[in-house]
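[1] Here is a sequence together with a model predicted from it:
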Amino acid sequence: MTDPKATVSLTIDGRRVHVPAGTSIHKACEAANIDTPTLCWAENLTPVNVCRVCVVEVEGSRALVPSCARAVEEDMIVETDSERVRHSRKMVLEFLGSGVDLSQADELAEWVDHYGADLDRYDQPGLPAQRMNEKPKIQDDLYIRDYDKCVLCYKCVEACGDDAQHTYAIAVSGRGFDARISTEFDVTLPDSACVYCGNCIGVCPTGAIQFKTEFDMREAGEWRPEDQSVTTTVCSFCGVGCNLELHTQDDRIVKVTSPTDHSVTQGHLCIKGRFGWTYVQPPKRR
Amino acid sequence: MFGAGGGTSSYREIEEAEVVLLWGSNARDAHPIFFHHLLKGLDNGARMYAVDPRRSSSAKFADVWLGLEVGSDIALANAVGREIIAAGLHDRDFIERSSTGFENYRAHVDPYTLEEAERLTGVPAHAIGEMAHAYASAETAQILWTLGITEHHNAVENVLSLCNLALLTGHVGKWGSGLVPLRGQNNVQGGGDMGALPNKFPGFQDIDDPEAQAKFQSAYGVPLNDMPGLHLTLMFEAMGQGTIKGLYVIGENPADSEADVERARKLLKGLDLLVVQDIFMTRTAEMADVVLPASVGWAECEGTVTSSERRVQRVRAAVPPPGECRHDHEILGELARRLGVNWGDPSPQDLWDELRSLSPMHAGMSYERLEEAGGLQWPCLDLEHPGSPFLHGWLYEEDLGGRQPAPFSITNYEGPKEQLTEEFPLRLTTGRALDSYNTGVQSNAFSSPIRYGDEIDMNPDDANRLGIGDGERVLVSSPRGSVEMGVRIQADLPQGLTFTTFHFPELVDTNMLTNDEWDPRSGTAEFKAASVRIEKIAGAGFDADG
């Protein structure tokens, strides 16, 4: 264990940065006001470093290193905007975009622009990129799974398992192109161990797991994020005091999330908090 | 016991506790996000003991499950206390400095040997011994409970028997240790804090304390009644005696939620006047002379609520109330105006600031600070005060911060009021399901794929003996009434015990069965222990055969 009080000094993009020992390079960049793209990393999950979109160059290291998972070291010299880093991040985004629908990966959109990534680069006439081409799985009224949008970032698996819910209803099954997030023996969600906390929706970066309310509104062309507002309040279903972010559009609640930086929930909720709000609005009440 | 009605610890603390006693709580289902904090504690190496008649979804995470007989908690707690003393594991310095009545307690629990406790509780003596040693030997240990402790005819004694264990070991008043009742609604704690108790002003100030009285009279500008009021259970008693003829019900559905609900409905029907202020036409509202449609506290109103870790947090309006629904405080203000008193038109923040001026434990909690800090934990005495992650640190101060030492309590094992008989040979206990809430008026509005509805859980051997199959419709009877239910055979349930929820009163009137014997000190009814008989429904077989 590192001494929690020790400070480490390093150089990022030519600037001297001082952070507590044990801090990740990604967090050190944040402390130095340097933005880093991330996909499989989240504030409330343990890094699994599978997506490679956050890589940086570390002097003395042969390969680029994932900044989310690598801890800072004394006098480390880090480059986040070298030609090699820019090129690698752009390639990663293009690879991801080649097999997966990133149209709802809002956090990535600005990075796609920033690095000038061409998401169709590997999808050329006569040589189309291989895609899942599956219809979204709709097995209940609470949420849907759209495998065409899944980048296998593992976030849902982590949130369902060790990092929050400890239910272990889903895992990665298969190898290579056939690898996919699955329930046990691919049974339907209602037949699986799933308890519908929806914490997988909360962490999904691409819309592959999505509220049924959001999915239906998108299908109907009624989903208008620019007309939505978010109000933070407290759930009513028990005495724990979970903070809810109510996303509203046209004076109706359309989905519910929780702030990842709040001490009570760390962004996670249960089935009642995430889905139990429907009673507030008509037709139940008029 | 220590002078304030609130859980002693922060959720964060359980992540660092060495030993956790989850006693009469199925937090995995009833408080799922608190359970996330507990799971972090388990991941960090905590040892967990689950005390519950059922091997609940929470108990499945425990290192040891102590499946006691319903209502035998005091026998178990006293035996744990006795074993800690017998093994010399009690904290002598803490007891000497911070408590009174230890010798009486020691003598009182002496008959509760591990063997005697095994006889009374059904829990193996060695498991009780192990829990006692683990709890007493840990640096940090917490006892958490819910309605498994408090929905009994001797609720207060049950709680005190657990407090004794903390006094014995010093597991209260320091970071990581504590006594935590998990609250069932988002503002049960806040309701008490705000003085919605028959004998308290806001901030747990006694209404018969002359100083508090003078303060509130001068603030409100009117003389105040110093006679304690009635709690819910006594109100129903008074309705039975005809001394209460009118009832104003705000956000409660007693026509579904009271134990022995047939009796409760009869009493409500007998009133001269019933006013219900609610967001729905509940069964109680349907019986009312006047219904005042209200707005949803957490989605349509501004205000605050207080959680199980005493954290006061802001609720905010996200959507407007529909139709003629109005905010509770506006309805009450308008009613006062019609009765000839003008309270003006205060905003929720004005009301909160008035409260802060009268309740010292809330004084430092301005809206601005609540916003910035993501909530503050009481007591928070002034604008510089950081709030209080845990309570009763004074127990570890040499002079107890000028307070009186905390007394040990003498608690006796009694068991449930309703004993099993030949006519009603099975124990029925009730509780919440993960996806549902109380009488279902809110939670039944969403379509849950894991909801199973109106079923009674039975042990496979009991079901076999009665020739009952999984899913079969049966008649369940208690001394108060009968209802028809489906059976869910559950291998996790001990023999002789049955379990059901109360979320679907329109399908099954579970509270026709439950016992309204209640604790004279808390007013809570013994929802957790009824005696029942389960019978096959004659003719059901013929229907099935067509």
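    Cool, got the structure.
[2] For residue A:28, see how far away the closest residue to chain A within the stretch 301-450 of chain B is.
    Going by CB to the nearest CB, chain A is nearest to residue B:307 of the stretch 301-450 of chain B, at 2.8 Å. For every residue, glycine as well, the C-beta is placed using N, CA and C. Using CB to CB, to the nearest Å, we find residue B:307 at a distance of 34 Å from residue A:28.
[3] And these two? Which one has more around it.
    Shown here are residue B:307 and residue A:28; by other CB atoms under 10 Å in any protein chain shown, residue B:307 has more neighbours (29 against 25).
[4] Would you agree residue B:254 is in contact with residue B:282?
    No: between residue B:254 and residue B:282 there is no contact, the gap being 9.3 Å when judged by CB atoms under 8 Å.
[5] so after the helix ranked longest in chain A, what's the next helix or strand?
    Ranked by number of residues, the top helix in chain A under DSSP state H is helix A:83-99. Moving toward the C-terminus from helix A:83-99, the next helix or strand (DSSP states H and E) is helix A:106-114.
[6] Which SSE is immediately downstream of that following helix?
    Immediately after helix A:106-114, counting by DSSP H and E, sits strand A:137-138.
[7] How is the closest residue to the residue of the stretch 301-450 of chain B closest to chain A other than its chain neighbours assigned, secondary-structure-wise?
    Distance criterion CB to CB, 6 or more residues apart in numbering or on different chains; nearest residue to residue B:307, sequence neighbours excluded, is residue A:241 at 2.8 Å. Following DSSP: H, G, I helix; E, B strand; the rest coil, we place residue A:241 in the coil state.
[8] Can you list the low-confidence ranges for the stretch 151-286 of chain A?
    A:282-286 (pLDDT under 70).
[9] Kindly recompute the last result at 90.
    A:176-178, A:279, A:281-286 (pLDDT under 90).
[10] quick one, strands of it?
    Along the stretch 151-286 of chain A, counting by DSSP state E, counting those that start in this stretch, strands occupy A:170-173, A:180-183, A:209-211, A:228-234, A:243-249, A:252-257.
[11] Pull the residues that contact the second one.
    What it means is strand A:180-183. A:132, A:145, A:147, A:150, A:152, A:156-157, A:169-174, A:189, A:191-194 (CB atoms under 8 Å, 6 or more residues apart in numbering or on different chains).
[12] what are the pairing partners of it, and which direction each?
    In the sheet, strand A:180-183 lines up against strand A:170-173 (antiparallel) (DSSP bridges).
[13] next one: the strand it pairs with to chain centre, how far?
    From the chain centre to the centre of strand A:170-173 is a distance of 17 Å (CA atoms, centre = their mean, to the nearest Å).
[14] So which bits of the stretch 401-546 of chain B are right by chain A?
    Neighbours of chain A within the stretch 401-546 of chain B, by CB under 8 Å from any CB of the partner chain: B:434-437, B:441-443, B:445-450.
[15] Is it possible to mark the buried ones in those residues?
    Among these, those classed as buried by 16 or more other CB atoms under 10 Å in any protein chain shown are B:434, B:435, B:436, B:437, B:441, B:442, B:443, B:445, B:446, B:448, B:449, B:450.
[16] What is the burial count for residue 33?
    Defaulting to chain A. Here the number of neighbours of residue A:33 (other CB under 10 Å) works out to 7.
[17] hm, I was asking about chain B
    Close neighbours of residue B:33, defined as other CB under 10 Å, add up to 24.
[18] Which residues of the stretch 1-150 of chain A lie near chain B?
    By CB under 8 Å from any CB, the residues of the stretch 1-150 of chain A that approach chain B are A:139, A:140, A:141, A:142.
[19] how about these in TSV, adding distance to residue A:113, pLDDT and neighbour count?
    Formatted as TSV, the residues of the stretch 1-150 of chain A next to chain B follow (distance: CB to CB, whole Å; pLDDT from 0 to 100; neighbours: other CB atoms under 10 Å in any protein chain shown):
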residue	distance to residue A:113	pLDDT	neighbour count
A:139	35	93	18
A:140	36	92	17
A:141	36	93	15
A:142	33	95	22
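[20] and which of the residues you listed is nearest residue B:276?
    Closest approach to residue B:276 among the residues of the stretch 1-150 of chain A next to chain B (CB to CB): residue A:141, at 30.5 Å.
[21] Could you look up the SS state of that closest one?
    Per three-state DSSP, residue A:141 ends up coil.
[22] Helix or strand: which one has the closest residue to it other than its chain neighbours?
    Nearest non-adjacent residue to residue A:141, counting by CB to CB, 6+ apart: residue B:447, 4.2 Å away. Residue B:447 belongs to no helix or strand when assigned by DSSP H and E.
[23] Kind regards, and thank you for your time.
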